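Asks: Okay, here's the prediction I keep looking at, along with the sequence it came from:
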Amino acid sequence: MNPVIETRQASRHYGEGDTLVKALDEVSLQIQPGEFTAIVGPSGSGKSTLLQLVGGLDIPSEGSIHLSGKAISQMSGRELSDFRRDHIGFIFQAYNLIPVLTAAENCEYIMLLQGIAEKERRERVRAMLERVGLGGKENRRPNQLSGGQQQRVAVARAMVSQPDIILADEPTANLDSQTGADLLDMMHELNRKEGMTFVFSTHDPMIMERATRLVHLRDGRIEQEEHRA
Ligand SMILES: Nc1ncnc2c1ncn2[C@@H]1O[C@H](COP(=O)(O)OP(=O)(O)OP(=O)(O)O)[C@@H](O)[C@H]1O
(Lines give C-alpha, C1' and ligand atoms only; values in the text may rest on other atoms or scores of the structure.)
Protein backbone atom coordinates (compact mmCIF):
# COMPACT_ATOMS: atom_id res chain seq x y z
CA MET A 1 0.00 0.00 0.00
CA ASN A 2 1.23 3.51 -0.72
CA PRO A 3 1.74 5.60 2.41
CA VAL A 4 -0.58 8.59 2.78
CA ILE A 5 2.32 10.63 4.07
CA GLU A 6 6.01 9.99 4.29
CA THR A 7 8.87 11.92 5.83
CA ARG A 8 12.33 11.09 4.49
CA GLN A 9 15.17 12.00 6.83
CA ALA A 10 13.28 15.16 7.65
CA SER A 11 14.95 17.67 9.96
CA ARG A 12 13.68 20.97 11.28
CA HIS A 13 16.23 23.29 12.81
CA TYR A 14 15.64 26.59 14.57
CA GLY A 15 18.28 29.26 15.16
CA GLU A 16 21.93 28.77 14.28
CA GLY A 17 25.39 28.39 15.79
CA ASP A 18 25.26 28.25 19.60
CA THR A 19 21.49 28.67 19.59
CA LEU A 20 20.78 25.92 17.04
CA VAL A 21 17.87 23.71 18.13
CA LYS A 22 17.31 20.46 16.26
CA ALA A 23 13.56 20.25 16.85
CA LEU A 24 13.54 17.25 14.48
CA ASP A 25 16.60 15.34 13.43
CA GLU A 26 16.44 13.07 10.36
CA VAL A 27 13.04 11.53 10.99
CA SER A 28 11.81 8.97 8.46
CA LEU A 29 8.22 7.90 8.94
CA GLN A 30 5.53 6.41 6.73
CA ILE A 31 1.87 6.71 7.64
CA GLN A 32 -0.20 3.95 6.04
CA PRO A 33 -3.93 4.23 5.26
CA GLY A 34 -6.14 3.15 8.18
CA GLU A 35 -3.58 3.64 10.92
CA PHE A 36 -4.43 5.20 14.29
CA THR A 37 -0.99 6.51 15.17
CA ALA A 38 0.09 8.37 18.31
CA ILE A 39 3.30 10.39 18.28
CA VAL A 40 4.41 10.48 21.90
CA GLY A 41 7.39 11.74 23.85
CA PRO A 42 8.46 14.24 26.49
CA SER A 43 7.72 17.94 26.20
CA GLY A 44 10.04 19.50 23.59
CA SER A 45 10.79 16.15 21.89
CA GLY A 46 9.44 17.43 18.54
CA LYS A 47 5.87 16.04 18.38
CA SER A 48 4.16 19.24 17.23
CA THR A 49 7.01 20.00 14.85
CA LEU A 50 6.62 16.57 13.25
CA LEU A 51 2.86 16.97 12.92
CA GLN A 52 3.31 20.41 11.31
CA LEU A 53 5.72 18.94 8.76
CA VAL A 54 3.49 15.94 8.09
CA GLY A 55 0.57 18.31 7.46
CA GLY A 56 2.51 20.58 5.12
CA LEU A 57 2.12 23.51 7.55
CA ASP A 58 5.89 23.81 7.86
CA ILE A 59 8.82 22.98 5.59
CA PRO A 60 11.78 20.80 6.64
CA SER A 61 15.26 22.35 6.91
CA GLU A 62 16.62 19.13 5.40
CA GLY A 63 15.09 15.97 3.99
CA SER A 64 11.69 15.80 2.31
CA ILE A 65 7.98 15.29 2.95
CA HIS A 66 5.84 13.37 0.48
CA LEU A 67 2.07 13.72 0.51
CA SER A 68 0.29 11.00 -1.46
CA GLY A 69 3.60 10.33 -3.24
CA LYS A 70 4.36 13.92 -4.17
CA ALA A 71 7.21 15.96 -2.59
CA ILE A 72 5.98 19.13 -0.91
CA SER A 73 9.07 20.93 -2.16
CA GLN A 74 7.83 20.38 -5.73
CA MET A 75 4.52 22.09 -5.00
CA SER A 76 3.87 25.79 -5.38
CA GLY A 77 2.40 27.63 -2.37
CA ARG A 78 -1.04 27.53 -3.97
CA GLU A 79 -0.75 23.85 -4.83
CA LEU A 80 0.26 23.03 -1.26
CA SER A 81 -2.60 24.99 0.29
CA ASP A 82 -5.07 23.33 -2.10
CA PHE A 83 -3.54 19.97 -1.26
CA ARG A 84 -3.95 20.59 2.47
CA ARG A 85 -7.53 21.74 1.99
CA ASP A 86 -8.49 18.72 -0.13
CA HIS A 87 -6.52 15.91 1.55
CA ILE A 88 -5.77 16.74 5.18
CA GLY A 89 -8.08 17.41 8.13
CA PHE A 90 -6.65 19.23 11.14
CA ILE A 91 -7.85 19.13 14.74
CA PHE A 92 -6.14 21.42 17.24
CA GLN A 93 -6.01 21.55 21.01
CA ALA A 94 -7.87 24.89 21.04
CA TYR A 95 -10.63 23.75 18.61
CA ASN A 96 -9.98 26.77 16.31
CA LEU A 97 -13.60 27.19 15.26
CA ILE A 98 -14.70 30.47 13.69
CA PRO A 99 -16.66 32.17 16.50
CA VAL A 100 -19.21 34.04 14.37
CA LEU A 101 -20.22 30.93 12.39
CA THR A 102 -22.62 28.24 13.56
CA ALA A 103 -21.51 24.63 14.01
CA ALA A 104 -22.93 23.81 10.56
CA GLU A 105 -21.31 26.82 8.91
CA ASN A 106 -17.94 25.97 10.47
CA CYS A 107 -18.20 22.53 8.89
CA GLU A 108 -19.44 23.83 5.57
CA TYR A 109 -16.70 26.38 5.09
CA ILE A 110 -14.02 24.15 3.52
CA MET A 111 -16.53 22.55 1.17
CA LEU A 112 -17.57 26.04 0.10
CA LEU A 113 -13.94 26.73 -0.85
CA GLN A 114 -13.89 23.39 -2.66
CA GLY A 115 -16.83 24.50 -4.78
CA ILE A 116 -19.19 21.74 -3.63
CA ALA A 117 -22.84 22.50 -4.39
CA GLU A 118 -24.96 23.85 -1.57
CA LYS A 119 -27.39 20.94 -1.42
CA GLU A 120 -24.58 18.41 -1.06
CA ARG A 121 -22.76 20.59 1.50
CA ARG A 122 -25.85 20.87 3.66
CA GLU A 123 -26.58 17.16 3.47
CA ARG A 124 -23.01 16.13 4.30
CA VAL A 125 -22.81 18.55 7.23
CA ARG A 126 -26.15 17.42 8.62
CA ALA A 127 -25.13 13.76 8.45
CA MET A 128 -21.68 14.42 9.91
CA LEU A 129 -22.92 16.50 12.85
CA GLU A 130 -25.45 13.77 13.55
CA ARG A 131 -22.61 11.24 13.35
CA VAL A 132 -20.58 13.07 16.03
CA GLY A 133 -23.59 13.34 18.32
CA LEU A 134 -24.52 16.96 17.62
CA GLY A 135 -27.83 16.44 15.81
CA GLY A 136 -30.12 19.39 16.72
CA LYS A 137 -27.20 21.68 17.61
CA GLU A 138 -26.31 22.64 14.03
CA ASN A 139 -27.26 26.28 14.48
CA ARG A 140 -25.35 26.95 17.68
CA ARG A 141 -22.25 29.10 17.64
CA PRO A 142 -19.09 27.87 19.39
CA ASN A 143 -19.76 29.95 22.55
CA GLN A 144 -23.11 28.17 22.87
CA LEU A 145 -21.40 24.76 23.00
CA SER A 146 -19.31 23.03 25.69
CA GLY A 147 -15.61 22.36 25.08
CA GLY A 148 -16.31 18.72 24.23
CA GLN A 149 -19.07 19.72 21.83
CA GLN A 150 -16.80 22.29 20.18
CA GLN A 151 -14.15 19.64 19.67
CA ARG A 152 -16.82 17.38 18.13
CA VAL A 153 -17.58 20.18 15.68
CA ALA A 154 -13.85 20.32 14.93
CA VAL A 155 -13.83 16.56 14.27
CA ALA A 156 -16.91 16.89 12.04
CA ARG A 157 -15.29 19.81 10.21
CA ALA A 158 -12.13 17.78 9.65
CA MET A 159 -14.06 14.69 8.47
CA VAL A 160 -16.75 16.25 6.32
CA SER A 161 -14.52 17.14 3.38
CA GLN A 162 -13.44 13.47 3.27
CA PRO A 163 -9.67 13.96 3.71
CA ASP A 164 -7.14 11.13 3.35
CA ILE A 165 -5.86 11.72 6.87
CA ILE A 166 -6.70 13.61 10.04
CA LEU A 167 -3.90 15.17 12.08
CA ALA A 168 -4.79 15.96 15.68
CA ASP A 169 -2.45 17.93 17.93
CA GLU A 170 -3.32 17.19 21.59
CA PRO A 171 -7.06 17.13 20.83
CA THR A 172 -8.07 16.10 24.35
CA ALA A 173 -5.79 18.50 26.27
CA ASN A 174 -8.57 20.94 27.16
CA LEU A 175 -11.24 18.35 27.92
CA ASP A 176 -12.13 16.58 31.17
CA SER A 177 -11.30 12.89 31.09
CA GLN A 178 -14.84 11.58 30.45
CA THR A 179 -15.43 14.07 27.61
CA GLY A 180 -12.00 13.24 26.19
CA ALA A 181 -12.70 9.49 26.38
CA ASP A 182 -16.06 9.91 24.60
CA LEU A 183 -14.44 11.98 21.87
CA LEU A 184 -11.68 9.42 21.40
CA ASP A 185 -14.15 6.54 21.26
CA MET A 186 -15.93 8.39 18.50
CA MET A 187 -12.71 8.95 16.53
CA HIS A 188 -11.70 5.34 17.10
CA GLU A 189 -15.01 4.20 15.67
CA LEU A 190 -14.55 6.45 12.61
CA ASN A 191 -11.16 4.78 12.22
CA ARG A 192 -12.43 1.21 12.57
CA LYS A 193 -15.71 1.52 10.66
CA GLU A 194 -14.76 4.01 7.97
CA GLY A 195 -11.02 3.43 7.79
CA MET A 196 -10.18 7.07 8.48
CA THR A 197 -6.44 7.50 9.10
CA PHE A 198 -5.53 9.45 12.24
CA VAL A 199 -2.21 10.76 13.54
CA PHE A 200 -2.14 12.28 17.02
CA SER A 201 0.53 14.22 18.83
CA THR A 202 -0.16 13.57 22.47
CA HIS A 203 0.69 13.05 26.14
CA ASP A 204 -2.70 11.49 26.80
CA PRO A 205 -2.58 7.84 27.98
CA MET A 206 -6.16 7.37 26.69
CA ILE A 207 -4.96 8.04 23.14
CA MET A 208 -1.94 5.76 23.60
CA GLU A 209 -4.24 2.93 24.79
CA ARG A 210 -6.29 3.13 21.59
CA ALA A 211 -3.42 3.66 19.14
CA THR A 212 -2.53 0.90 16.67
CA ARG A 213 0.93 2.39 16.39
CA LEU A 214 3.05 4.39 18.83
CA VAL A 215 5.97 6.48 17.61
CA HIS A 216 8.18 7.55 20.53
CA LEU A 217 10.20 10.71 19.96
CA ARG A 218 13.11 11.91 22.04
CA ASP A 219 15.29 14.93 21.27
CA GLY A 220 13.84 15.16 17.77
CA ARG A 221 14.55 11.54 16.84
CA ILE A 222 12.42 8.40 16.70
CA GLU A 223 13.52 6.44 19.75
CA GLN A 224 11.18 3.49 19.42
CA GLU A 225 8.09 2.30 17.56
CA GLU A 226 5.34 -0.08 18.69
CA HIS A 227 2.77 -1.69 16.44
CA ARG A 228 -0.36 -3.19 17.92
CA ALA A 229 -3.13 -5.32 16.52
N1 LIG B 1 9.43 28.53 16.49
C2 LIG B 1 10.41 27.97 17.22
N3 LIG B 1 11.58 28.62 17.43
C4 LIG B 1 12.57 28.04 18.14
N5 LIG B 1 12.49 26.81 18.71
C6 LIG B 1 11.36 26.14 18.53
C7 LIG B 1 10.25 26.66 17.79
N8 LIG B 1 9.25 25.73 17.78
C9 LIG B 1 9.71 24.69 18.49
N10 LIG B 1 10.96 24.91 18.95
C11 LIG B 1 11.80 24.00 19.74
O12 LIG B 1 11.82 22.75 19.09
C13 LIG B 1 11.74 21.69 20.03
C14 LIG B 1 10.55 20.79 19.73
O15 LIG B 1 9.34 21.52 19.95
P16 LIG B 1 7.89 20.87 19.78
O17 LIG B 1 6.89 21.95 20.05
O18 LIG B 1 7.83 20.18 18.48
O19 LIG B 1 7.87 19.80 20.95
P20 LIG B 1 6.65 18.93 21.54
O21 LIG B 1 7.17 17.56 21.72
O22 LIG B 1 5.44 19.14 20.70
O23 LIG B 1 6.45 19.62 22.97
P24 LIG B 1 5.12 19.74 23.89
O25 LIG B 1 4.78 18.35 24.30
O26 LIG B 1 5.62 20.57 25.05
O27 LIG B 1 4.08 20.42 23.06
C28 LIG B 1 11.69 22.34 21.41
O29 LIG B 1 13.01 22.38 21.94
C30 LIG B 1 11.19 23.73 21.10
O31 LIG B 1 11.66 24.65 22.07
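Replies: It's in.
Asks: Starting from the worst-scoring helix or strand of the chain on mean pLDDT, tell me which strands it pairs with and how they run.
Replies: For the chain, counting by mean pLDDT, DSSP states H and E, strand 70-71 ranks last in confidence among helices and strands (a mean of 85). Paired strands of strand 70-71, with direction, are strand 62-67 (antiparallel) (DSSP bridges).
Asks: For S11, what are phi and psi?
Replies: Here is the backbone geometry of S11 (degrees, to the nearest 10): phi -120, psi 150.
Asks: tell me the pLDDT at it?
Replies: Looking at S11, its pLDDT is 97.
Asks: What of G56?
Replies: Confidence score, pLDDT, at G56: 88.
Asks: do the same with L217
Replies: In this prediction L217 is given a pLDDT of 97.
Asks: Also I65?
Replies: So I65 comes in at 93 (pLDDT).
Asks: Check the gap between it and the ligand for me.
Replies: 15 Å (C-beta to the nearest ligand atom, to the nearest Å). Any C-beta I mention is one placed from the backbone N, CA and C, and that applies to glycine too.
Asks: Does H227 touch R213 like I think?
Replies: Yes: counting by C-beta atoms under 8 Å, H227 touches R213, with 5.3 Å between them.
Asks: and these two? which has more neighbours close in?
Replies: R213 (16 against 10; other C-beta atoms under 10 Å).
Asks: Please name the residues that touch the closest residue to the more buried one other than its chain neighbours.
Replies: Closest residue to R213 apart from its sequence neighbours, by C-beta to C-beta, 6 or more residues apart in numbering: T37 at 4.4 Å. Going by C-beta atoms under 8 Å, 6 or more residues apart in numbering, T37 touches I31, F198, V199, F200, A211, T212, R213, L214, V215.
Asks: how about the lengthiest helix in the chain: buried residues?
Replies: Under DSSP state H, the helix in the chain containing the largest number of residues is helix 177-194. Neighbour counts over helix 177-194 (16 or more other C-beta atoms under 10 Å) mark T179, G180, A181, L183, L184, M186, M187, H188, L190, N191 as buried.
Asks: before we move on, what about stretch 199-207?
Replies: By neighbour count on 16+ other C-beta under 10 Å, the buried set for stretch 199-207 is V199, F200, S201, T202, D204, I207.
Asks: so how far is the longest helix of the chain off the chain centroid?
Replies: Centroid separation between helix 177-194 and its chain, computed with C-alpha atoms, centre = their mean, to the nearest Å, is 14 Å.
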